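In: Next comes the sequence, and after it the predicted model I'd like to discuss.
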Amino acid sequence: MLIVSRLGVSASEVPSFAELHTKAEAGERQAQFQLGLRYFKGDGTAQDIVKGGEWIRKSATQGFAGAQTVLGAMYDEGVGVPENPVEAAKWYIKAAGQGEAMAQESLAAMYKAGRGVPRNEGESVRLLLLAAEQGSVGAQRSLGLIYEIGIGVPQDLTEAAKWYRKAAEQGDVTSQASLGFAYQSGHGVPRSASEAAKWIRKAAEQGHALAQFFLGQIYRMGEAVPRDMEEAMKWYALAAEKRIAVAHDALAAIYATGDGIPKDIVVAHARWNVAAALEMDSAAGNRRLIEEEMSPEQIAAATKLAREIFAKLPTK
């Protein structure tokens, strides 16, 4: 379970397994919780989800918020117990009422979806705010999107940028990209090419596909950085490997015109062919135009190359 992995209790942070077991048997709720996590992870003992769940339940029944959160997640995901959204919500509500940020975030998702509880976007936002104020990256990212689009709240791009920034500063890749795009467009923040490049680069370096494409654009256009076609091609290629059609289109255009590199109409045709296969409307037209410069042998070579490129792309 994701929640268990985020809790991160290791053998070095708690007593030995035997000591912990003795305390748990004596009814210490924190020890019961830690023992349950040890069984979940196989930390100091053989992994046993059923036994872990039993100890988590004992701790949760005694009111330990962390255990209530994990028990809610067990019912939410059907781990060690039958999936039961109503029971999940019940335990999340108990933990959220004690200020447990992970429970607040999970419960917010349930209210947003109407899963296990009546759908209530206002309550979802309230819970996300509580979790976000405690530093929950997921909640901060979610609030950024909610305010950007206006889901259950009036659209507020300034508020969206505020929450994206908080999550971005904690290293959240999606929020780094969103904040960078906000600086590009001037949505909620003053337009700034340098700030856009800074945050888009952070996201691109973590593998965010659209950020990689836009970082390619930044180098191609020389926005807040010296124009560098080698860097532009590098970032376009990384985005293209992740099925980003506009990255294939950008590579095709560069090869077709020889912009900073030797012109290669075979590669250009191949890249537009791939972009068209990825449902980019204009790509097929561009491919047909360049065919006017090509011999049948070149078209055959380009078609073969396009198949090879497409075969290496990840599935959807």
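Out: Right, received. Where do you want to start? Residues are numbered from 1 along each chain as shown.
In: ok, residue 44 - how many residues close by?
Out: 16 (other C-beta atoms under 10 Å). Backbone N, C-alpha and C define where each C-beta goes, glycine included.
In: That one in helix, strand or coil?
Out: Secondary structure, DSSP: H, G, I helix; E, B strand; the rest coil: residue 44 is coil.
In: Where does the prediction get shaky in the stretch 1-150 of the chain?
Out: 1-14 (pLDDT under 70).
In: Now do the helices in it.
Out: In the stretch 1-150 of the chain, the segments counted as helices under DSSP state H, counting those that start in this stretch are 2-7, 17-25, 29-41, 49-61, 65-77, 85-96, 101-113, 121-133, 137-149.
In: Please enumerate residues in contact with the fourth one?
Out: Applying C-beta atoms under 8 Å, 6 or more residues apart in numbering, the contact partners of helix 49-61 are 24, 29-30, 32-33, 35-40, 66-68, 70-71, 74, 79-81, 91, 94.
In: ok, now which ones touch residue 220?
Out: Applying C-beta under 8 Å, 6+ apart, the residues contacting residue 220 are 227, 229, 232, 236, 250, 254, 259.
In: Repeat the analysis, applying 7 Å as the threshold.
Out: Shown in contact with residue 220 (C-beta atoms under 7 Å, 6 or more residues apart in numbering): 229, 232.
In: Helix or strand: which one has it?
Out: Using DSSP states H and E, residue 220 maps to helix 209-221.
In: Now residue 89: closest residue in space that isn't a chain neighbour?
Out: residue 116 (3.7 Å; C-beta to C-beta, 6 or more residues apart in numbering).
In: so how far is residue 152 from the one you found?
Out: Using C-beta to C-beta, to the nearest Å, residue 116 is found at 18 Å from residue 152.
In: So these two - more neighbours on which side?
Out: Between residue 116 and residue 152, residue 116 has the larger neighbour count (other C-beta under 10 Å), namely 20 against 17.
In: Contact partners for the more buried one?
Out: Contacts of residue 116 by C-beta under 7 Å, 6+ apart are 85, 86, 88, 89, 110.
In: what's the average pLDDT for the biggest helix by length in the chain?
Out: Scanning the chain for the longest helix, with DSSP state H as the assignment, gives helix 296-311. Summarised as a single mean, pLDDT over helix 296-311 is 98.
In: Would you mind listing the buried residues in it?
Out: Neighbour-count burial for helix 296-311, with 16 or more other C-beta atoms under 10 Å as criterion, is recorded at 299, 301, 302, 305, 306, 309.
In: For residue 19, state which of these is nearest.
Out: residue 309 (58.2 Å; C-beta to C-beta).
In: who touches the closest one in this structure?
Out: With C-beta under 7 Å, 6+ apart, residue 309 has these contacts: 270, 274.
In: What of residue 256?
Out: Neighbours of residue 256 in contact, by C-beta under 7 Å, 6+ apart: 265, 268, 290.
In: out of those residues, which is most surrounded?
Out: residue 268 (24 neighbours).
In: picking up where we left off before, quick one: the helices of the stretch 1-150 of the chain as CSV, columns for distance to residue 158 too.
Out: Shown next, in CSV, are those (distance: least, C-beta to C-beta, whole Å):
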stretch, distance to residue 158
helix 2-7, 30
helix 17-25, 48
helix 29-41, 40
helix 49-61, 40
helix 65-77, 32
helix 85-96, 28
helix 101-113, 22
helix 121-133, 16
helix 137-149, 8
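In: Could you provide these in CSV, with additional columns for distance to residue 190 and mean neighbour count?
Out: As requested, the helices of the stretch 1-150 of the chain are exported to CSV (distance: least, C-beta to C-beta, whole Å; neighbours: other C-beta atoms under 10 Å):
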stretch, distance to residue 190, mean neighbour count
helix 2-7, 35, 14
helix 17-25, 53, 16
helix 29-41, 46, 24
helix 49-61, 48, 20
helix 65-77, 39, 25
helix 85-96, 37, 21
helix 101-113, 30, 24
helix 121-133, 23, 19
helix 137-149, 17, 22
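In: so which of those helices gets nearest residue 284?
Out: Closest among the helices of the stretch 1-150 of the chain, once you apply C-beta to C-beta, is helix 137-149, at 31.6 Å.
In: from the chain's centre, how far out does the closest one sit?
Out: Helix 137-149 has its C-alpha centroid displaced from the chain centroid by 12 Å (C-alpha atoms, centre = their mean, to the nearest Å).
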